[in-house]
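Turn this into a model:
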Amino acid sequence: MLKGLKIRFAREQFLPTRWGIVLNRNYIIRRGLYKAISHIATDIRGEVLDFGCGSKPYEPLFPNATRYVGVDLEQSGHNHQTSTIDFYYDGEHLPFADCCFDAIVSFEVFEHVFNLEEVLSEIRRVLKTGGNLLLSIPFVWGEHEIPYDFARYTTFGIAYILRKCGFEVVQVEKTTSSFLAIAQMLIEYLSCHVSPKKGIPWKLFHLSVICPITVAALFLNALLPKGHESFCNSVILARKSEK
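Numbering: from 1, shown residues only. Predicted structure coming up:
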């Protein structure tokens, strides 16, 4: 039973159901990512590479993938205790032949890449012409995986870089409204600086403070005007163009 609860808790962190309101302090941001990625995931098929894969949390969203391969840096801003990495990447050259993947996905990775244009060139090399690149990146979010956190991109900025590197931008989605982004940052502040760090006090704080704020934010968001000037993440679908 305990093992089953741990599995459910881990799943709720990235693929949240309504139970995630209780189990996940980042429910707002993760729910937005889950919904946006799900909307586009059916366009991803064939041989798929997950760049910066970690534990491959979104792999279940890609039923049309005939093969799902994960690649990551051996040394990065997080440990790999829960990672499911198939290949390691040296930071310069991906260990694959030219034009061997039908699609490449990358979630919450590009903000950790200092030389993004060089990395996109290498991603483009192993992607087939016409192949899809699906990525997500944060916009309103604190520094994380320190010191390997280098950038935040507007939707216009990342679209410009993608086009410059030989990709056609097909679709852009912002994952939350401005109000929800503010609410999630309030929750993150309270979780990091006010909440007890563990044990029963932490659980009580989460249930009595974080959960009610999450529910109230979702309710108010349904009533308030939907501004999107600020947002937690953007999810972009791009396609390798002929060049």
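
what about the longest strand in this protein?
strand 127-138 (DSSP state E).

packing partners for the helix or strand following it?
Next in sequence after strand 127-138, counting helices and strands by DSSP states H and E, comes helix 155-164. If you count contacts as 3 or more Cβ pairs under 8 Å, 6 or more residues apart in numbering; DSSP states H and E, helix 155-164 packs onto helix 116-126, strand 167-174, strand 233-240. Glycine gets a C-beta too; all of them are placed from N, C-alpha and C.

Buried deepest among those, which one?
Among these, strand 233-240 has the highest mean neighbour count (mean count of other Cβ atoms under 10 Å), at a mean of 23.

quick one, that one and strand 127-138 angle?
Interaxial angle, strand 233-240 versus strand 127-138 (axes from the mean of the first three to the mean of the last three Cα atoms, to 10 degrees): 170 degrees.

The helices and strands packed on helix 155-164 into JSON lines, with extra columns for distance to Lys198?
Below are these laid out as JSON lines (distance: least, Cβ to Cβ, whole Å):
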{"stretch": "helix 116-126", "distance to Lys198": "37"}
{"stretch": "strand 167-174", "distance to Lys198": "34"}
{"stretch": "strand 233-240", "distance to Lys198": "28"}
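
Under the pLDDT cut-off, which ranges of this structure? List them.
1-5, 75-82, 243 (pLDDT under 70).

before we move on, the earlier item: for Arg25, find the nearest of the helices and strands packed on helix 155-164.
strand 233-240 (16.3 Å; Cβ to Cβ).

Next, the angle helix 155-164 makes with the closest one.
Strand 233-240 and helix 155-164 meet at an angle of 20 degrees, taking the same axes, to 10 degrees as the criterion.

helices or strands up against strand 233-240?
Applying 3+ Cβ pairs under 8 Å, 6+ apart, we find strand 233-240 packed against helix 27-41, strand 127-138, helix 155-164, strand 167-174.

Including distance to His228, could those go into JSON lines?
Output for those, formatted as JSON lines (distance: least, Cβ to Cβ, whole Å):
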{"stretch": "helix 27-41", "distance to His228": "11"}
{"stretch": "strand 127-138", "distance to His228": "15"}
{"stretch": "helix 155-164", "distance to His228": "10"}
{"stretch": "strand 167-174", "distance to His228": "5"}
